[in-house]
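> Model the following, please.
(one chain, ligands or ions: 2)
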Amino acid sequence: MYYPYVVVGAGLAGLTVAERIAAGKGEKVLVVEKRPHIGGNVYDSYNEDGILVHNYGPHIFHTNDKEVYEYLGGFTKWNDFWHRVLTQVDGNLIPMPITLETVNRLYNMDMTPEEMEKFIAGRAVPIKEIRTSRDVALSKVGDEIYSKFFENYTKKQWGIDPAELDTSVISRIPLRYNRDTRYFTDKYQGMPRYGYTKMCQAMIQNKNIKVLLNTDFKEVRDEISYGKLIYTGPVDEYYHYRHGGLRYRSLSFVMETFDRESYQDAPVVNYPNDYDYTRITEFKKLTGQEHRKTTIMKEFPREGGEPYYPFPTADARAQFSLYQKEMEAEKNVYFLGRLAEYRYFNMDAVVRNALDLYRNKLA
Ligand code: FAD
Ligand code: UDP
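Ligands and ions are numbered 1, 2, ... in the order given. Just a heads-up that it's a prediction; the model follows:
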């Protein structure tokens, strides 16, 4: 079977590039996906009670990239949504990230922003060279906030100490000296009005796109020929693990439905210091759906299983760089997305990279 373009993986990376090839270039493209559905990790579906759930964990779209926002906006309307997170510390539910509200609630005080700045500066640990996620947190907020909000959550999420993780991990969480308790402050935020799967379906409404579900590329590799291959699966798998298996962090998702309208006070509640799970998501509070029941999801981090997070350590990056050399030498194979580029990308970055790949290399 010959296709001018073959895309491996029907996640946001694969679908964006397939959409551009089919609609922008008018060429035929085959998308090969091993799961029984499109969307990759943004896939959502209605459960048996009719509640819309995010099957692979809570997904909130946020970006400062106008072009990406408008591009996806061509396939969905957006519901206005400003994500908020509470975190359970010392038995209280406190707003996350660290803001004036968080610090006032934690210490039962009523500081002004200026007072908070002094207060935090008095606690921040001076660190000459910021090299790890632990350094980032300690140098910004000091030991007490680090140990209550970051240390144990991070150990649970990654299975290692924050001192072993590179700076990018905890740097995702901002520190604010004001009362803005939104989790993200990007200019554009929203939830696709009819869900991510519907948005993804709209992206591939094109007769030039053929999607093969339930098909592992490994198994059909020798039967498909192509002009160009865009690969969005795990890069170590592509090269038959010749430099060893890359480390990814996985999660087990456990859902429960309750016969009541509401479960918790925020879409997401984090549990840094209690339980084996990191957080609980209540889907109706993300999607705005009204229903007399409610479904929640607990996330249990684990080794092995589906690869969800590339591992942000120096060792893992060094190992990836061996694969990177091979990737750079390829002529008609392009690597895209969280698994193939081995980077902790958000949705918007994945779409940005796919648009750029199309524009710079394929169009
Ligand atoms: P994926 O979605 O992983 O798609 C890759 C696809 O390739 C998969 O469908 C896989 O089945 C398929 N595949 C792999 N190997 C093969 C093979 N051999 N043959 C055929 N198919 C194959 N981002 C945000 O912006 N906001 C959030 O709130 C957010 N929350 C997240 C929460 C969780 C728990 C996780 C895990 C991620 C979250 N993300 C979030 C990140 C977001 O999911 C990713 O940025 C995005 O989905 C990555 O898209 P992708 O196409 O690169 O990868
Ligand atoms: N983090 C933490 N405490 C929290 C939330 C996050 O220590 O309450 C750390 C943790 O290391 C996590 C990282 O910050 O992996 C990034 O958090 P984010 O919410 O961005 O994680 P994601 O939604 O990508 O899983």
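> what residues are up against the residue lying closest to Val169 once chain neighbours are set aside?
Spatially, and ignoring its direct neighbours in sequence, Val169 is nearest to Ser133 (4.5 Å; CB to CB, 6 or more residues apart in numbering). Heads up, the C-betas are built off the backbone N, CA and C, glycines and all. By CB atoms under 8 Å, 6 or more residues apart in numbering, the contact list for Ser133 reads 150, 154, 162-163, 165-171.
> Out of these, list just those in helices.
Mapping the contacts of Ser133 onto helices (DSSP state H) picks out Thr154.
> thought Val220 was touching Val32?
Yes: counting by CB atoms under 8 Å, Val220 touches Val32, with 6.6 Å between them.
> Pairing partners for the helix or strand that contains Met297, with directions?
In this assignment (DSSP states H and E), Met297 forms part of strand 294-302. In the sheet, strand 294-302 lines up against strand 248-258 (antiparallel), strand 279-282 (antiparallel) (DSSP bridges).
> Next secondary structure after that strand?
Immediately after strand 294-302, counting by DSSP H and E, sits strand 309-310.
> how far does the following helix or strand past that next one sit from the chain's center?
Per DSSP H and E, strand 309-310 leads on to helix 314-329 as the next helix or strand towards the C-terminus. Relative to its chain's centre, helix 314-329 lies at 22 Å (CA atoms, centre = their mean, to the nearest Å).
> Can I get helix 314-329 as CSV, trimmed to CA atoms?
This file holds the C-alpha atoms of helix 314-329, laid out as CSV (Å, rounded to 0.1, in the frame of the first residue of the first chain):
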residue,chain,number,x,y,z
ALA,A,314,19.5,14.8,32.9
ASP,A,315,20.1,11.1,32.4
ALA,A,316,16.9,10.6,30.4
ARG,A,317,17.8,13.6,28.2
ALA,A,318,21.3,12.3,27.6
GLN,A,319,19.9,9.0,26.5
PHE,A,320,17.3,10.8,24.3
SER,A,321,20.1,12.7,22.6
LEU,A,322,21.4,9.4,21.2
TYR,A,323,18.1,9.0,19.4
GLN,A,324,18.1,12.6,18.4
LYS,A,325,21.3,12.1,16.3
GLU,A,326,19.5,9.4,14.4
MET,A,327,16.4,11.5,14.0
GLU,A,328,18.3,14.4,12.6
ALA,A,329,19.9,12.1,10.0
